[in-house]
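1. got a predicted structure here, sequence first:
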Amino acid sequence: ALKGEIVKEWGIVEPGMQPVTAATGNNERLDAWGGYVEGEYTFDNVYAPYLGLGYIFMSGDNDDSDAIEQFNPLFEDETYGQIAEVIYGAQYWQMLGDTSMTNASIWKLSAGVNPTENTTLDLTYYSLSAAQPLWSWTGDADDQNQYIGSEYDVTFNYNYSEDVTFGLMYALFIPGKFFEEGADEVAGDPWDYSFENAQELVGSVKVVF
């Protein structure tokens, strides 16, 4: 199976709708785009093993451009890394107050199998980078590495019945050079910058009425 989508955003952003317009008090031109392409192949086997590969892009703001190039995914329903989604959503390096993925260049590799008739096991790997240079720890965005990090998500689901599903999800996020180099550059700062791997374990129950 192969699927993809390309989205173009353009128009005029009124003052106050984004931090950049609030600061200038002027209308700003919007010129952003995003999209993805994903392919998946399922082998003809009783366990239904599959492999998938995908690429996701969402433009970021370019300081050399007069337009707003930050892509706004609006009401997104996709998750590209359980932990990475939180990091991108925080947007602390962009000071955007946004709560969604943007300014992203993401490679996605997935695999899965159905161990039994009622269970599924899925592994997804994400390699995440910024599409445009981010806010820099030192104030010079051109010197800041754009590699955010990588994440591994493992999901196990058990379909207890047609109406009840139990799930278990483990996620591991490994910080990239954006964090590593940033910590080195501000080593003299009084704050303690220590970026360890982030982990998450979530159990879930889904009941359909």
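-> Looks like it arrived, so ask away. Numbering: from 1, shown residues only.
2. what about I87, neighbour count?
-> Neighbour count for I87, taken as other Cβ atoms under 10 Å: 20. The way it works is simple: take the backbone N, C-alpha and C, and place the C-beta from them, glycine included.
3. list the contacts of it.
-> I87 makes contact with 148, 173, according to Cβ atoms under 8 Å, 6 or more residues apart in numbering.
4. what secondary structure does it sit in?
-> helix (DSSP: H, G, I helix; E, B strand; the rest coil).
5. can you check L168 too?
-> L168 ends up strand, using three-state DSSP.
6. isn't it up against F156?
-> Yes - counting by Cβ atoms under 8 Å, F156 is a contact partner of L168 at 4.7 Å.
7. strands along this protein, start to end?
-> Under the criterion DSSP state E, the chain contains strands at 2-13, 28-42, 50-58, 104-113, 119-129, 147-159, 164-175, 198-207.
8. want to try CSV for these, with distance to E76 as columns?
-> CSV is the format used below for the strands of the chain (distance: least, Cβ to Cβ, whole Å):
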stretch, distance to E76
strand 2-13, 11
strand 28-42, 10
strand 50-58, 10
strand 104-113, 11
strand 119-129, 15
strand 147-159, 17
strand 164-175, 18
strand 198-207, 20
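9. those: which one's closest to I83?
-> Nearest to I83 among the strands of the chain is strand 164-175 (3.9 Å), distances taken as Cβ to Cβ.
10. any idea how far D153 is from the closest residue to G4 other than its chain neighbours?
-> Closest residue to G4 apart from its sequence neighbours, by Cβ to Cβ, 6 or more residues apart in numbering: V37 at 3.8 Å. Using Cβ to Cβ, to the nearest Å, one gets 20 Å for the distance from V37 to D153.
11. quick one, which of those two is more surrounded?
-> D153 (22 against 14).
12. that one against Q199, yeah?
-> No - checked against Cβ under 8 Å, the pair D153 and Q199 is beyond contact range at 11.2 Å.
13. can you pull the residues that touch both of the two?
-> Common neighbours of D153 and Q199 (Cβ under 8 Å, 6+ apart) are 170-171.
14. which residues of this protein score low on pLDDT?
-> Along the chain, the model assigns pLDDT under 70 to residues 15-26, 89-100, 135-143, 181-194.
15. with adjacent residues omitted, what lies nearest to D163?
-> D163 sits nearest to V208 (Cβ to Cβ, 6+ apart), 4.7 Å away.
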